[in-house]
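Enquirer: Okay, predicted coordinates and the sequence, questions at the end:
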Amino acid sequence: MNPEKGFFTHQEILSQPAAWAVALEVLAAERQVILAVGSGHFDQILYTGCGSTYYLAEAAASLTQELSGRTCRSFPASELWLNPQSSYSFGNTLLVAVSRSGETTETLRACEAFLTDRAGDLLTLSCYEEMPLAKLGALNLVFPSGQEQSVAQTRAFSTLYFGTVALACLWAGRVDLFDSLGRLPEAGRQVLNNYASLAAELGQDPALERFYWLGSGPRHGLACELSLKMKEMSLTHSEPFHFMEFRHGPKSMVTSQALTIGLRSTRNGSYEAAVLEDVKALGGRVLDMAEDGADVRFASNLDEAIRNILYLPVGQLIAFERSLSKGLNPDCPTNLDTVVIL
Ligand code: F1P
């Protein structure tokens with residue numbers, strides 16, 4: 001008998017905090033090797049992936065540069081593979097490649113080309129140790145707790161992202177932040193428990209037709225990922241923007257059928273809240289997610305650098321609920337494959 005629609009996706013979303021706790025055990029065990037790899041004299045650290053894991057790469061590059069001060073950039077794997085000259089300036093490079101499956105062709109080709117050119121060292125993060133990517137790096141971090149049945153990534157994304165946050169903390173010498181990662185699973189459970197019903201209400205609201213996701217700095221890549229989830233799971237038009245960019249044209253699209261979700265930071269919270277107020281003044285719907293004083297309130301008491309993962313669960317659940325409300329099956333989205341093999 002086939003499981004009910006969305007069975008796997010729902011389990012995967014709800015089990016993310018437990019997956020993060022298991023991932024932390026992997027990272028703690030590899031801590032010294034991670035420090036050794038990151039201690040190299042690199043001119044730049046590049047992050048790469050495809051689809052969800054490209055957006056993860058963007059979020060990871062932004063956070064790592066913010067914390068460590070090192071030059072960090074992100075590219076889709078297809079760009080590193082097919083347009084290397086216009087993608088990255090050559091120099092001693094640490095390439096961090098992220099892939100749930102570990103067998104996406106573009107990611108493998110990008111890594112193989114990088115190794116052939118001897119441009120530096122490769123570090124991989126993936127979920128299946130038997131897959132090719134987990135054999136290519138000088139260090140291959142594998143997170144089995146991120147494995148999932150569903151096509152659209154949720155638990156895999158957040159678990160792999162959790163891994164890159166830990167790398168950023170260690171490479172920045174922020175042992176304090178690394179040590180506080182252990183508090184994220186409980187903070188994630190609180191967000192899921194407190195806001196699953198709000199996510200269901202918004203996901204099931206037939207008056208909503210389109211979604212805009214606003215995030216800046218280390219949160220922009222996460223806004224892109226949540227927008228992709230809405231597309232993949234529910235076939236809904238959805239678009240991410242840097243927070244302040246929304247006024248420069250896109251806000252013209254605001255109507256009462258549009259929900260604008262803000263991944264609001266603490267650092268720039270007042271500027272970002274003003275954008276959401278502008279959206280409300282235009283008659284648009286708003287969901288404000290932040291550490292405090294928001295519709296979705298994390299109340300984690302964790303440093304802003306390590307709590308960005310908490311924006312993911314509610315956004316994932318909104319997409320999941322909308323998919324079901326449209327009679328779709330988020331476990332196997334239309335037109336999508338689990339892995340793109342060329
Ligand atoms: C990358 C990816 C996913 C996407 C779909 C197809 O997979 O593009 O991001 O949602 O599942 O594959 P991977 O390299 O992370 O396994």
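Expert: Perfect, I can see it now.
Enquirer: alpha carbons only for contacts and neighbour counts from here, please
Expert: Noted.
Enquirer: need the residues of this protein near the ligand, please.
Expert: Within reach of the ligand by CA under 6 Å from any ligand atom, the chain has these residues: 50-53, 99-102, 104, 151-153, 337-340.
Enquirer: So which bits of the worst-scoring helix or strand of the chain on mean pLDDT are buried?
Expert: Lowest mean confidence among the helices and strands of the chain (mean pLDDT, DSSP states H and E): helix 84-87, at a mean of 88. For helix 84-87, the neighbour count (16 or more other CA atoms under 10 Å) marks Pro84 as buried.
Enquirer: other SSEs contacting the helix or strand following it?
Expert: Next in sequence after helix 84-87, counting helices and strands by DSSP states H and E, comes strand 93-99. Counting contacts by 3 or more CA pairs under 8 Å, 6 or more residues apart in numbering; DSSP states H and E, strand 93-99 is packed against strand 44-49, helix 52-68, helix 105-116, strand 120-126.
Enquirer: need those in a markdown table with mean neighbour count, can you?
Expert: Shown next, in a markdown table, are the helices and strands packed on strand 93-99 (neighbours: other CA atoms under 10 Å):
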| stretch | mean neighbour count |
| --- | --- |
| strand 44-49 | 25 |
| helix 52-68 | 25 |
| helix 105-116 | 20 |
| strand 120-126 | 23 |
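Enquirer: closest one to Leu198 among those?
Expert: Leu198 lies closest to helix 52-68 among these, at 24.4 Å (CA to CA).
Enquirer: Packing partners of that closest one?
Expert: strand 44-49, strand 72-76, strand 93-99, helix 155-171, helix 220-234.
Enquirer: now the ones you listed as CSV including mean pLDDT and distance to Lys135?
Expert: CSV is the format used below for the helices and strands packed on helix 52-68 (pLDDT from 0 to 100; distance: least, CA to CA, whole Å):
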stretch, mean pLDDT, distance to Lys135
strand 44-49, 97, 16
strand 72-76, 97, 20
strand 93-99, 97, 12
helix 155-171, 98, 17
helix 220-234, 98, 27
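Enquirer: out of these, nearest to Ala113?
Expert: Proximity to Ala113 (CA to CA) singles out strand 93-99 among these, at 11.4 Å.
Enquirer: got the CA positions of stretch 243-255 in PDB?
Expert: Output of stretch 243-255 as PDB, limited to C-alpha atoms (Å, rounded to 0.1, in the frame of the first residue of the first chain):
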ATOM      1  CA  PHE A 243      15.500  42.500   1.600                       C
ATOM      2  CA  MET A 244      16.100  46.100   0.500                       C
ATOM      3  CA  GLU A 245      16.000  45.200  -3.200                       C
ATOM      4  CA  PHE A 246      12.200  44.400  -2.900                       C
ATOM      5  CA  ARG A 247      11.400  48.200  -3.100                       C
ATOM      6  CA  HIS A 248      13.400  48.600  -6.300                       C
ATOM      7  CA  GLY A 249      10.700  47.200  -8.600                       C
ATOM      8  CA  PRO A 250       9.500  43.800  -7.300                       C
ATOM      9  CA  LYS A 251       7.100  45.400  -4.800                       C
ATOM     10  CA  SER A 252       5.000  46.500  -7.800                       C
ATOM     11  CA  MET A 253       3.700  42.900  -7.700                       C
ATOM     12  CA  VAL A 254       2.300  43.100  -4.200                       C
ATOM     13  CA  THR A 255      -1.400  42.300  -3.900                       C
END
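Enquirer: Run the chain-centre distance for it.
Expert: 23 Å (CA atoms, centre = their mean, to the nearest Å).
Enquirer: Next, the buried residues of that stretch.
Expert: Applying 16+ other CA under 10 Å to stretch 243-255 flags Phe243, Phe246, Lys251, Val254, Thr255 as buried.
Enquirer: Helices - which of these land there?
Expert: Per DSSP state H, helices hold no members of the buried residues of stretch 243-255.
Enquirer: can you redo the residues you listed as JSON lines with pLDDT?
Expert: Shown next, in JSON lines, are the buried residues of stretch 243-255 (pLDDT from 0 to 100):
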{"residue": "Phe243", "pLDDT": "98"}
{"residue": "Phe246", "pLDDT": "97"}
{"residue": "Lys251", "pLDDT": "95"}
{"residue": "Val254", "pLDDT": "97"}
{"residue": "Thr255", "pLDDT": "97"}
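Enquirer: will you turn those residues into a markdown table that also has distance to Gln11?
Expert: Shown next, in a markdown table, are the buried residues of stretch 243-255 (distance: CA to CA, whole Å):
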| residue | distance to Gln11 |
| --- | --- |
| Phe243 | 31 |
| Phe246 | 34 |
| Lys251 | 35 |
| Val254 | 33 |
| Thr255 | 33 |
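Enquirer: Before I go, just wanted to say thanks for your time.
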